[in-house]
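K.L.:
Below is the structure, and that's it, no one-letter string:
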């Protein structure tokens, strides 16, 4: 479709049908009196040309239908792209127009983006990932000027509505799946950073809840260096009581571990089972395919849309101010079953 046709003004549409811009506006907003025949022709035309009202013109009228979306995530991550597209579609179904700014990692750039949404008189702004309270505090002078803000991918409690994935449950579910497959010695691969603390906590809690053996020697503090990861795994694999499976903090870490184990002469899942978190596109393409705890991007986007709509309707209360999306187990080939008669031998 020609972009020029998409950006037609009400006056230009009116001239095509020999009516005023006000009449076109009334038809699009179902106001006033007009013939059903004329309305049918104009509505068919605007659908054909994919007409979209000017965001600025809408905002200057008050009662803005603009929602700003500021994505600070990695634009190469399909997860964020899917979430962004589904949030846009969800809000559009409710009559909103979504203005999106991508890739603003730096907080100064985020402030400038938020200033733009203030000038547009946006009804609401969706901002994320917004991980830490310190980031919120730095942005607070601008956030306080906005009508309504919801954050996503928060890592710490914040005094504004938010949506996040439940990575603690992902870790719990991942360990439990390994247990259900017969594994009793389950190691852990990943850094113990504050941003990822929930994953280690879920692993640690579930190991103890299932009365499984726990050993600090089965923990591999992964870094960006494949050589250091290989060194850590060499140490663990040399133990006589080495794990039969590893829970990995992310799919990327799991795939790095898969490569490091291969370089050490081990195979997945024949020698070690691996399970990751996130269900990235690469996890499906790896050989063997990586079992993982994933998250439904549609459910996540729906939670963001619901938070925005509740906020604009004045329906945000403590029980729905923070929404979480639970994980889903995706079974592939990187986890093998251990026969029941061998499970006790792994204690």
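P.N.:
Done, it's in. Computed from a predicted model, the values in this text were never measured in an experiment.
K.L.:
Against residue 136, how distant is the nearest residue to residue 292 once chain neighbours are set aside?
P.N.:
Closest residue to residue 292 in three dimensions, ignoring its sequence neighbours and counting by C-beta to C-beta, 6 or more residues apart in numbering: residue 276, at 4.4 Å. Backbone N, C-alpha and C define where each C-beta goes, glycine included. Remark: distance between residue 276 and residue 136 (C-beta to C-beta, to the nearest Å) = 29 Å.
K.L.:
Looking at these two now, which is surrounded by more residues?
P.N.:
residue 276 (33 against 20; other C-beta atoms under 10 Å).
K.L.:
Now do the buried residues in the helix or strand encompassing the more buried one.
P.N.:
In this structure, residue 276 is located in strand 273-278 according to DSSP states H and E. Of the residues in strand 273-278, those buried by neighbour count under the rule 16 or more other C-beta atoms under 10 Å are 273-278.
K.L.:
Just checking: what are the partner strands of that strand?
P.N.:
Here strand 273-278 is paired, per DSSP bridges, with strand 245-248 (parallel), strand 291-294 (parallel).
K.L.:
Could you pull up the mean pLDDT of it?
P.N.:
This predicted structure assigns strand 273-278 an average pLDDT of 96.
K.L.:
And for stretch 179-198?
P.N.:
If you average the pLDDT over stretch 179-198, you get 88.
K.L.:
measure that stretch end to end?
P.N.:
20 Å (C-alpha to C-alpha, to the nearest Å).
K.L.:
buried ones in it?
P.N.:
Buried residues in stretch 179-198, counted by 16+ other C-beta under 10 Å: 179, 181-190, 196, 198.
K.L.:
Quick one: those as a markdown table, columns for distance to residue 25 too.
P.N.:
Output for the buried residues of stretch 179-198, formatted as a markdown table (distance: C-beta to C-beta, whole Å):
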| residue | distance to residue 25 |
| --- | --- |
| 179 | 62 |
| 181 | 62 |
| 182 | 67 |
| 183 | 65 |
| 184 | 69 |
| 185 | 69 |
| 186 | 63 |
| 187 | 65 |
| 188 | 61 |
| 189 | 60 |
| 190 | 56 |
| 196 | 51 |
| 198 | 50 |
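K.L.:
Listing request: residues of the stretch 101-250 of the chain with sub-threshold pLDDT.
P.N.:
Scanning the stretch 101-250 of the chain for pLDDT under 70 picks out 103-104, 194-195.
K.L.:
Give the helix, strand or coil label for the nearest residue to residue 182 once chain neighbours are set aside.
P.N.:
Taking C-beta to C-beta, 6+ apart as the measure, residue 182 lies nearest to residue 338, with 3.1 Å between them; neighbours along the chain are not counted. Assigned by DSSP: H, G, I helix; E, B strand; the rest coil, the conformation of residue 338 is coil.
K.L.:
The closest residue in space to residue 242 that isn't next to it in sequence: neighbouring residues, count only.
P.N.:
Nearest-residue entry for residue 242: residue 236, 5.9 Å, with adjacent residues in sequence omitted and distances by C-beta to C-beta, 6+ apart. Here the count is done by other C-beta under 10 Å, and residue 236 has 19 residues near it.
K.L.:
any residues touching the host helix or strand of residue 236, and which ones?
P.N.:
Take DSSP H and E as the rule and residue 236 turns out to sit in helix 226-237. Applying C-beta atoms under 8 Å, 6 or more residues apart in numbering, the external contacts of helix 226-237 come out as 187, 189, 217-218, 220-223, 242-243, 256-257, 259-261, 263-264, 266, 272.
K.L.:
how does it look with 10 Å?
P.N.:
Helix 226-237 has contacts (C-beta atoms under 10 Å, 6 or more residues apart in numbering) with 187, 189, 215, 217-223, 225, 242-243, 246, 253, 256-257, 259-266, 271-272.
K.L.:
tell me how far that helix is from the chain's mean position?
P.N.:
Here helix 226-237 is found 31 Å from its chain centre; the criterion is C-alpha atoms, centre = their mean, to the nearest Å.
K.L.:
now stretch 279-294
P.N.:
Relative to the mean C-alpha coordinate of its chain, stretch 279-294 is positioned 17 Å out (C-alpha atoms, centre = their mean).
K.L.:
Name the residues of it that come out as buried.
P.N.:
Residues 279-280, 283, 286, 288, 290-294 are the ones in stretch 279-294 that count as buried (16+ other C-beta under 10 Å).
K.L.:
from those residues, which single one is nearest residue 332?
P.N.:
Of all the buried residues of stretch 279-294, the one with the least separation from residue 332 (C-beta to C-beta) is residue 291, at 4.8 Å.
K.L.:
For that closest one, give the beta-bridge partners.
P.N.:
Under DSSP bridges, the residues paired with residue 291 across the bridge are residue 275.
K.L.:
OK, contacts around it?
P.N.:
Counting by C-beta under 10 Å, 6+ apart, residue 291 makes contact with 174, 177-178, 181, 251, 254, 269, 273-276, 279, 283, 329-336.
K.L.:
swap the cut-off to 6 Å and go again
P.N.:
By C-beta atoms under 6 Å, 6 or more residues apart in numbering, the contact set of residue 291 is 275, 331-332, 334-335.
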